[in-house]
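[1] Sharing a model that was predicted from the sequence below.
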Amino acid sequence: MIHVGVNGYGTIGKRVADAIRAQPDMSVAGVAKTSPNFEARVAHERNYPLYVVDGDRTDEFAAAGFEVAGTVDELVAASDLIVDATPAGVGAENADLYQRHDTPAVFQGGEDADVAEVSFNARANYESARDADYARVVSCNTTGLSRLFAPIAEEYGIEKARVTLVRRGGDPSQSSRGPINDTLPDPVEIPSHHGPDLNTVFPDIEVDTMGMKVPATLMHTHAVNVTLASEVDAEAVRELLDDESRLYVLPPELDIDGAGKLKEFAQDAGRPRGDCWENCIWGDSVTVEGRDMYLFQAVHQEADVVPENVDAIRAISDTADRAESMTLTEDALGLDGQIGQSMRDPVVQPPTVADGGRDPDAE
Ligand code: NAD
């Protein structure tokens, strides 16, 4: 059993904690919070031991009715491994803390690549993290592109890729983010940082990326063009992608025209928080002209990195190979590569009293 501490319990941290709890070979040692806000309430209700980042604020947590298990320092000492899901840049500041305790760590894509020995994507380079102590799960966009490019590069070879990333302005909870009435080239420099970030996973792929930000919160949308090294027909590409467990090729008859219906579908399917862990590729958009392949995909920024964090934990702990880990992760989450399948058998549910959760009526 790998005992994992989660430092930073926000958008990514709370999802990763639930995903860890669902795994047969992992447990949550505790989660660290800076303030006794609504997410501290969620952690408390889900019965995660709550550690405070700043020991001087322990009384605030107590006044808000939370039992404090200790400080973040104590969480790091008590954990086999830490998932750092603090805001971008804070992870690098925490690196010393993990090193001091000799505790391996998984960082997130908001950090620079040099925070860790490996920039990680399970499908693309799982094995390279097996002898590392620190790995960085690449950003939501880079994760989405890595999953897509791995099978394409292996099967056909990639001569050159060009991607326009239409990015959500902020997550649904990020009320201060924008734009709220504009369409921005962002970053305005070309290539955007996404191409170089992808090269931390695939050093040999030639890729140009352009980024935009739009007034949306649900998902990112990628317009992808890949010049393949060999000729192929669109149906073969569709089948190749459809065989990938973390790529969902949307059948046209579902009539899903964007992120709104995708989220609705995921919610109907009983996915926790309406999360789409898979890339969602519009099957009808997969087009090939000569050696040029085109498609559109949607990436749920809050969710796609979650299974990757779970696999990064196993890779660093060296307890499973890539295939074993990806299957374990997917089975435990109910990640089926087709959102609709999980309607029959939703796996991850909020913990109940019977499995160690807190009975809200008991207070
Ligand atoms: P978030 O702001 O939702 O959550 C971060 C949490 O960490 C908050 O609860 C915050 O209070 C807490 N925190 C702040 N300082 C802390 C500290 N010193 N110690 C411990 N906790 C602290 O952020 P997020 O969206 O979950 O992002 C976390 C990381 O994941 C970032 O690197 C981000 O770039 C990356 N990421 C985010 C997304 C996304 O779309 N939200 C997607 C992929 C990767």
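    Yep, that arrived.

[2] Can you get me the start-to-end distance on stretch 247-262?
    One end of stretch 247-262 sits 14 Å from the other (Cα to Cα, to the nearest Å).

[3] residues touching the residue nearest to D133 when sequence neighbours are not counted, list them.
    Closest residue in space to D133, ignoring its immediate chain neighbours: P104 at 4.4 Å, by Cβ to Cβ, 6 or more residues apart in numbering. Backbone N, C-alpha and C define where each C-beta goes, glycine included. Applying Cβ atoms under 8 Å, 6 or more residues apart in numbering to P104 gives the contacts D80, L81, I82, Y98, A132, D133, Y134, I316, S317.

[4] So which elements touch the helix or strand hosting A124?
    A124 is part of helix 122-125, with elements assigned from DSSP states H and E. If you count contacts as 3 or more Cβ pairs under 8 Å, 6 or more residues apart in numbering; DSSP states H and E, helix 122-125 packs onto helix 140-155, helix 305-317, helix 322-333.

[5] I'd like the next helix or strand past that helix.
    Moving toward the C-terminus from helix 122-125, the next helix or strand (DSSP H and E) is strand 134-137.

[6] residues making contact with that next one?
    In contact with strand 134-137 (Cβ under 8 Å, 6+ apart) are residues 95, 98, 104-109, 111, 113, 115-121, 129, 143, 305, 308-309, 312, 315-316.

[7] go again using 6 Å as the cut-off
    105-108, 111, 115-120, 129, 305, 308-309, 312, 316 (Cβ atoms under 6 Å, 6 or more residues apart in numbering).

[8] And stretch 313-320, by the same measure?
    I2, L81, P104, Y126, A129, R130, A132, A135, S325.

[9] can you pull out the helices in the protein?
    11-22, 38-45, 58-63, 72-78, 90-100, 122-125, 140-155, 194-201, 234-242, 259-268, 305-317, 322-333 (DSSP state H).

[10] Can you spell out which helices and strands pack onto the fifth one?
    When you say that, I think you mean helix 90-100. strand 81-84 (3 or more Cβ pairs under 6 Å, 6 or more residues apart in numbering; DSSP states H and E).

[11] What helices and strands are in contact with the strand it packs on?
    Right, strand 81-84 is packed against strand 2-7, helix 90-100, strand 105-107 by 3+ Cβ pairs under 6 Å, 6+ apart.

[12] With E324 as the reference, measure out to the residue nearest to D80 when sequence neighbours are not counted.
    Nearest non-adjacent residue to D80, counting by Cβ to Cβ, 6+ apart: H3, 4.6 Å away. Using Cβ to Cβ, to the nearest Å, H3 is found at 20 Å from E324.

[13] got it, and L240?
    22 Å.

[14] okay, these two: which has more neighbours?
    L240 (18 against 12; other Cβ atoms under 10 Å).

[15] re earlier: any idea which of the helices of the chain gets closest to T221?
    Relative to T221, the nearest member of the helices of the chain by Cβ to Cβ is helix 259-268, separated by 7.2 Å.

[16] How about residues contacting that closest one?
    The contact list for helix 259-268 (Cβ under 6 Å, 6+ apart) reads L218, M219, I256, G274, C276, C280, A298, I339.

[17] Kindly report the residues of the stretch 151-300 of the chain close to the ligand.
    Residues of the stretch 151-300 of the chain that fall close to the ligand, judged by Cβ under 6 Å from any ligand atom: D171.

[18] For the ligand, what's the nearest residue on the stretch 151-300 of the chain?
    Nearest to the ligand in the stretch 151-300 of the chain, going by Cβ to the nearest ligand atom, is D171, at a distance of 4.9 Å.
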